[in-house]
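Participant: got a structure for you, letters missing:
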């Protein structure tokens, strides 16, 4: 018999991909999304399957969540403000949508006796890491972004609930995730700019920022494996590939896959924006010891993403509505 | 010319002691307190001094804070739910009073162009530390209490504001603080129980829990020194003494100072309550390198506290009203 998963952010990039995988494994899913960034088209297939039940609501609505979580066995909390770059323009958004929302999820779990939670955190919780590749046990970081701060706060709340209320958790610190249904970030931005004007590309920073990426299906593999195999009270895993690229590499692969040859305008400086870490590269030995290995390289993930855009150009116009 | 300090929690144990010190140094102080745990009698003298201006309000009132902060140079944010032990009985309280309140303080600062903040964090952010004495750069901790989680969230927000908005911060991770005006914690509880019944004392845990304490004036010395001397963007300091005691030592000193000899009833187990760390002992080399040394030992601090209770028994009846 399958597990009854509750997936917040079920219509998002990672959420909808997870929902499809969970359906394939015969699990029951209650999916919650406010369709702020989530896309109905991502869950078109899921909606046709009786294993999937969609609830349109906001995770900031605690009484609602408490009703929706009824009967669940395990929560995968993916709903978040993933808009890392613009934290400074609306400082309350990260704390509300990432920290308070996580608190609401924990309270709704407690009210329903649900004790298992998987949480999408971020490699940005390491701030400007002093050890690279950065392990889960890196020195106590100093936060450099509201996004990272709001995620580290979410992690802390979850761990405290594990200690205090007997919950078990799986916390994943992602590098950037790429692949089908990817709807924000630099590959998205570059593709969209180049569709409008294939002759020029404006690049934040100097192009030397080093980044690591992970393909979404590899990410889902790791999440599902960890939930099944990792049995500590609080299980924290970095997720990423064993290599990194710089923005210039990525531009090369994107333009090649698109068949364009733009002139590059660099805005300069060693980072894209204030609080942007010039280098996120995570040590992933811990998740690998569970038997996980990513199947796609960064290059393959980027090309797969560009191919997806070519076949689904509607996604380029899909706007964040709140 | 003095600095205009804004002190939140100005009528609390540490806050009122700081206010008296700042007045002594000729600074202007706007003190904010909701008198939930703060005591009017702690600021009786301060209120007679024109350098001190009291505002009775709650740090959860952001529009109010924004008005009150006008003209300030530096905020010392001490208002908090310090009721570590009962986090599990009202999980929203720590996040509200420690995390959201800190966010409000930061927003009120930003609105007023104030860019310096000192923050009372806690050694409990290290969870169950794997390195003891625990340095500021200990491995990324797993939170074990809602209090610790709410403080680490506050730290993260402050650091993100430093990076994003050009703030400078001094974050202090305290061991337990003792001394005059101390109004909660085990010395307070023990003294009160023994006043009622000097023949018996109920002790949470098995008495072996090791703890470190710091005398409040030594704590204030460190805060003022750091604000003056530490010039990084984010300055994080552990505050504590170079030694620790166990609960049994402390019982011995308290009972001796009170002249009583109770039978001890231990509740058993290696910790006082769920989420209690059995051993908090912080490495303080970093603050010592600035030239700070505590003047009182733990034993002297405890005896000083008991003497204060003897001379101010009213404080034993001073109740938390919210």
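Facilitator: The structure has been received and is ready for your questions. Everything quoted here is computed from the prediction, not taken from an experiment.

Participant: what's the neighbour count on the residue lying closest to residue A:17 once chain neighbours are set aside?
Facilitator: Spatial nearest neighbour of residue A:17, chain neighbours left out: residue A:216 (5.2 Å); criterion: C-beta to C-beta, 6 or more residues apart in numbering or on different chains. No exception for glycine: its C-beta is placed from N, CA and C like everyone else's. Residues lying near residue A:216 (other C-beta atoms under 10 Å in any protein chain shown) number 22.

Participant: same question, residue A:53
Facilitator: Using other C-beta under 10 Å: residue A:53 sits among 17 other residues.

Participant: which phi and psi does it have?
Facilitator: Backbone geometry at residue A:53, expressed as degrees, to the nearest 10, gives phi -130, psi 120.

Participant: Tell me which residue of the stretch 1-150 of chain A lies closest to chain B.
Facilitator: Closest approach between the stretch 1-150 of chain A and chain B, counting by C-beta to the nearest C-beta: residue A:149, at 3.3 Å.

Participant: Quick one: mean pLDDT for the helix or strand harbouring that residue?
Facilitator: Using DSSP states H and E, residue A:149 sits within helix A:146-165. Predicted confidence along helix A:146-165 averages 96 (mean pLDDT).

Participant: Make sure residue A:141 is actually in contact with residue A:125.
Facilitator: Yes. Using C-beta atoms under 8 Å, residue A:141 makes contact with residue A:125 at a distance of 6.5 Å.

Participant: which residues are in contact with both of those two?
Facilitator: Counting by C-beta atoms under 8 Å, 6 or more residues apart in numbering or on different chains, the residues touching both residue A:141 and residue A:125 are A:148, A:152.

Participant: more neighbours, the two?
Facilitator: Between residue A:141 and residue A:125, residue A:125 has the larger neighbour count (other C-beta under 10 Å), namely 26 against 20.

Participant: Assign that one to helix, strand or coil.
Facilitator: helix (DSSP: H, G, I helix; E, B strand; the rest coil).

Participant: Who are the contact partners of it?
Facilitator: Residue A:125 neighbours (C-beta under 8 Å, 6+ apart): A:141, A:143, A:148, A:151, A:152, A:155, A:173.

Participant: State the distance from the fourth one to residue B:148.
Facilitator: To tie it back to what came earlier, the one meant is residue A:151. 16 Å (C-beta to C-beta, to the nearest Å).

Participant: Repeat that for the first one.
Facilitator: Noted for residue A:141: a distance of 16 Å to residue B:148, by C-beta to C-beta.

Participant: Determine which two of the contacts of residue A:125 are furthest apart.
Facilitator: Greatest spatial distance among these (C-beta to C-beta): A:143 and A:173, at 13.4 Å.

Participant: wait, doesn't residue A:19 sit right on residue A:31?
Facilitator: Yes. Residue A:19 lies in contact with residue A:31 (C-beta under 8 Å); the separation is 5.7 Å.

Participant: any chance you could map the strands in the stretch 151-300 of chain A?
Facilitator: A:168-174, A:176-178, A:200-203, A:210-211, A:213-215, A:234-239, A:245-246, A:263-266, A:279-280 (DSSP state E, counting those that start in this stretch).

Participant: least reliable of those strands going by mean pLDDT?
Facilitator: strand A:279-280 (a mean of 80).

Participant: how about the residues of the stretch 1-150 of chain A near chain B?
Facilitator: Within reach of chain B by C-beta under 8 Å from any C-beta of the partner chain, the stretch 1-150 of chain A has these residues: A:87-88, A:91-92, A:95, A:99-100, A:103, A:106-107, A:110, A:126-127, A:136-146, A:148-150.

Participant: quick revisit: and residue A:19 and residue A:31? Which one has more around it.
Facilitator: Higher neighbour count among residue A:19 and residue A:31: residue A:19, with 31 against 28, using other C-beta under 10 Å.

Participant: show me the contacts for that one.
Facilitator: A:7, A:10, A:29, A:31, A:43, A:46, A:52.

Participant: which SS state does residue A:15 fall under?
Facilitator: Using three-state DSSP, the structure places residue A:15 in helix.

Participant: lowest-confidence helix or strand of chain A?
Facilitator: Lowest on mean pLDDT, DSSP states H and E among the helices and strands of chain A sits strand A:279-280, with a mean of 80.

Participant: Centre of the chain to it, how far?
Facilitator: Distance of strand A:279-280 from the chain centroid (C-alpha atoms, centre = their mean, to the nearest Å) equals 16 Å.

Participant: strands paired with it, and their directions?
Facilitator: Strand pairing for strand A:279-280, using DSSP bridges, gives strand A:210-211 (parallel).

Participant: is chain B contacted by stretch A:172-181?
Facilitator: No. No part of stretch A:172-181 sits near chain B under the criterion C-beta under 8 Å from any C-beta; the closest distance found is 9.7 Å.

Participant: picking up where we left off before, who has more neighbours, residue A:143 and residue A:173?
Facilitator: Shown here are residue A:143 and residue A:173; by other C-beta under 10 Å, residue A:143 has more neighbours (31 against 26).

Participant: The more buried one contacts residue B:164, correct?
Facilitator: No. Assessed by C-beta under 8 Å, residue A:143 is found out of contact with residue B:164, at 9.9 Å.

Participant: Out of the residues of the stretch 1-150 of chain A next to chain B, name the ones that lie in strands.
Facilitator: Judged by DSSP state E, strands contain none of the residues of the stretch 1-150 of chain A next to chain B.

Participant: Quick one: buried ones out of the residues you listed?
Facilitator: A:87-88, A:91, A:95, A:99-100, A:103, A:106-107, A:110, A:126-127, A:136, A:138-146, A:148-150 (16 or more other C-beta atoms under 10 Å in any protein chain shown).

Participant: before we move on, back to that, so how far is residue A:199 from the residue of the stretch 1-150 of chain A closest to chain B?
Facilitator: 39 Å.

Participant: same check, this time on residue A:147
Facilitator: Distance of residue A:147 to residue A:199, computed by C-beta to C-beta: 33 Å.

Participant: which one of those two has more residues nearby?
Facilitator: Taking neighbours as other C-beta under 10 Å, residue A:147 and residue A:199 compare with residue A:147 leading, 25 against 9.

Participant: roughly how far apart are that one and residue A:83?
Facilitator: According to C-beta to C-beta, residue A:147 stands 8 Å off from residue A:83.

Participant: Mutual contacts of the two, please.
Facilitator: Listed as contacting both residue A:147 and residue A:83 by C-beta under 8 Å, 6+ apart is no residue at all.

Participant: Check whether stretch A:281-293 comes near chain B.
Facilitator: No. Using C-beta under 8 Å from any C-beta, stretch A:281-293 never reaches chain B; the gap is at least 12.2 Å.

Participant: Could you list the low-pLDDT ranges of the stretch 1-150 of chain A?
Facilitator: Applying pLDDT under 70 to the stretch 1-150 of chain A flags residues A:1, A:84-87.
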